[in-house]
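**Q** next one to model:
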Amino acid sequence: MSPRRSPICLLALACLLPALAGAGERVARIVIDPGHGGAKEGAKGPGELWEKEVALQIAQRLRDKLEAAGSEVFLTRDRDTLMALSERVEFSNVQRPDLFLSIHANSMPTKRLRERTEGIETYFLSANASGEAARAVADRENAEAPTARSARGHSTLAFILDDLARTEAHSDASRLAYAIHPRLVSKSGAADRGVQQAPFFVLTGVEAPAVLIEVGFISHPQEGARLGRAAYQETLAEAISEGVQAFLRETRRRDTSPSQPVAGSTGP
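**A** Numbers count the residues shown, from 1 in each chain. Model prediction:
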């Protein structure tokens, strides 16, 4: 029998090829961490608004958008419950995500500063803070962290091995932050307080590119009120989602074409 295929068979094969090529592309796995929860309410906003509520609501909106875009999304908490920072890190690493997003709202300690200070900051991990303000934010968000390294079960060797394993993830975290931040500022119209670095506990142990987003100052009279509104939360979630999609596209392009540098190419 002749090995030649009929025109109908060739046409069917041609139709199947694009689907077969796409089948090899793994779905992105993303962990979203809404800050605080339960008895740890976070910063206080206008009226009865608390940081833990704003963080969870934005995280849920962001989950919906990322899932609609084809990603597999896991929330460290999807209700008002207390969860230790070390548990959030452990949960994330079990999921083996492609990236990790921690959502928070910022605040100021005095009335004068609360009335004057507003805007969005996006952080990635560094042993040294970008400045005193970044150090203060990290200290506030780290208040729930264990005080001793032994609490995380680290030996010196394990710490060194963990550090080596996270080197590439740390490099990509910077790129993720710069993919998200300008889109957040542009879409929200909020003040731009920049991409910054600080030693956040929740970012330390995550074995994936990880950023912490301070979506605004909940302590500011006007910005705090906006953070409680559904429409504004949708805007923030949409901007973060677009930044994540840009990061994933550039990462896939880099991984399939290693000779093409992509640093700084994920801006809007």
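**Q** Ser126 against Gln197, yeah?
**A** Yes. If you go by Cβ atoms under 8 Å, Ser126 and Gln197 touch, sitting 3.4 Å apart. For every residue, glycine as well, the C-beta is placed using N, CA and C.
**Q** pull up the distance across stretch 84-104, start to finish.
**A** 15 Å (Cα to Cα, to the nearest Å).
**Q** which parts of it are buried?
**A** For stretch 84-104, the buried set under the neighbour-count rule, 16 or more other Cβ atoms under 10 Å, comprises 85-86, 88-89, 91-92, 95, 97-104.
**Q** which of the residues you listed fall in helices?
**A** Under the assignment DSSP state H, the buried residues of stretch 84-104 contribute Leu85, Ser86, Arg88, Val89, Phe91, Ser92, Gln95 to helices.
**Q** what's stretch 202-210 in contact with?
**A** 31, 33, 85-86, 88-90, 92-93, 96-102, 123-125, 141, 145, 152, 162, 165-166, 169-170, 172-173, 175-176, 211-212, 247 (Cβ atoms under 8 Å, 6 or more residues apart in numbering).
**Q** just say helix, strand or coil for the closest residue to Glu223 other than its chain neighbours.
**A** Of all residues not flanking Glu223 in the chain, Glu118 sits nearest, at 4.3 Å (Cβ to Cβ, 6 or more residues apart in numbering). Assigned with DSSP: H, G, I helix; E, B strand; the rest coil, Glu118 falls in the coil class.
**Q** residue contacts, Glu118?
**A** Ala190, Ala191, Gly216, Phe217, His220, Gln222, Glu223.
**Q** export the residues you listed to TSV and tack on neighbour count and secondary structure?
**A** Below are the contacts of Glu118 laid out as TSV (neighbours: other Cβ atoms under 10 Å; DSSP: H, G, I helix; E, B strand; the rest coil):
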residue	neighbour count	secondary structure
Ala190	22	coil
Ala191	16	coil
Gly216	29	strand
Phe217	28	strand
His220	25	coil
Gln222	12	helix
Glu223	24	helix
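**Q** out of those, who's nearest Glu132?
**A** The nearest member of these to Glu132, counting by Cβ to Cβ, is Phe217 at 16.5 Å.
**Q** save the ones in helices among the buried residues of stretch 84-104 as a markdown table, and put in distance to Leu113 and pLDDT too.
**A** A markdown table is the format used below for those (distance: Cβ to Cβ, whole Å; pLDDT from 0 to 100):
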| residue | distance to Leu113 | pLDDT |
| --- | --- | --- |
| Leu85 | 26 | 93 |
| Ser86 | 31 | 92 |
| Arg88 | 29 | 96 |
| Val89 | 31 | 94 |
| Phe91 | 34 | 97 |
| Ser92 | 33 | 96 |
| Gln95 | 37 | 97 |
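**Q** now the residues you listed as CSV including distance to Lys111?
**A** Below are those laid out as CSV (distance: Cβ to Cβ, whole Å):
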residue, distance to Lys111
Leu85, 29
Ser86, 34
Arg88, 32
Val89, 35
Phe91, 37
Ser92, 37
Gln95, 41
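**Q** which parts of this protein are helices?
**A** Counting by DSSP H, the helices of the chain are 7-23, 51-68, 85-95, 111-116, 132-141, 156-165, 167-188, 201-204, 221-227, 230-256.
**Q** how much space between Phe100 and Val31?
**A** Plainly put, Phe100 is 5 Å away from Val31 if you go by Cβ to Cβ, to the nearest Å.
**Q** can you check which residues contact both of the two?
**A** Ser92, Val206, Ala208.
**Q** for the second one, which non-adjacent residue is spatially closest?
**A** Okay, so that is Val206. Val206 sits nearest to Phe100 (Cβ to Cβ, 6+ apart), 4.7 Å away.
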